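K.L.:
Here is a sequence with its predicted model. Questions after.
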Amino acid sequence: MSTRQTRKFVSLLILILAVMVIAGSGATEKKRVKKSEELLGTWVNEDYESRAIATATLVYQPDGTFEQYTDVLRTLLEVDGTFTIEDKWTDSEKNVFYKVKWSYKIGTQEIIEFRLIKISDSGNTYEEVFDQRKYPTEIDPIDGTYRIRYRQ
């Protein structure tokens, strides 16, 4: 192989590696969410603070992360992870619905949850149900995973 061919070959390899690095870096980058999403923000229910059934505070960040706190003051972090909005729609009453996939770790175990979320037409009430196998089909207050929180 001539020197010229060797240079072309090395240049091509460098180009391929650069493309692979750039493409691969997107996989680890946090997904950004539109800042106008109704879901984003801090949601609380003070009644949950004294009950083991649910966390009192839930925070959705624009970088695609979430945090759950056992208390309203956000001092006792229970779990944090990432979320992906997989579907969004508005019903005839102007309530906004989301299908959101959560991913987080407890110890070394990765947990995936599928959440059906309803944000009221006023944007101030958050209701959800969730499952670890598939998306729930309705928001049912009788469901054992039903939670309600209010925008803070």
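P.N.:
Here it is on my side, so go on.
K.L.:
Contacts for the host helix or strand of T82 next, please.
P.N.:
In this structure, T82 sits in strand 77-90 according to DSSP states H and E. Outside strand 77-90, the residues that touch it by C-beta atoms under 8 Å, 6 or more residues apart in numbering are 30-31, 33, 37, 39, 55, 60, 64-70, 96-106, 111. Using the backbone N, CA and C atoms, a C-beta is placed for each residue, glycine as well.
K.L.:
next SSE after the helix or strand of the chain with the lowest mean pLDDT?
P.N.:
Here the helix or strand of the chain ranked lowest by mean pLDDT, DSSP states H and E is helix 3-28, holding a mean of 45. Moving toward the C-terminus from helix 3-28, the next helix or strand (DSSP H and E) is strand 41-44.
K.L.:
For the contacts of strand 77-90, which PyMOL command selects only the ones that are buried?
P.N.:
The buried residues among the contacts of strand 77-90 can be selected in PyMOL (16 or more other C-beta atoms under 10 Å) with this line:
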select buried, resi 33+39+55+60+64+65+66+67+68+69+70+96+98+99+100+102+104
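K.L.:
what pLDDT, on average, does stretch 79-90 get?
P.N.:
For stretch 79-90, mean pLDDT is 97.
K.L.:
Repeat that for stretch 50-60.
P.N.:
Average pLDDT, stretch 50-60: 87.
K.L.:
bridging residues for the spatially most central residue of the chain?
P.N.:
Centre of the chain computed as the mean C-alpha position; nearest residue by C-alpha atoms, centre = their mean is F83, 1.5 Å away. In this entry, F83 is beta-bridged to W102, by DSSP bridges.
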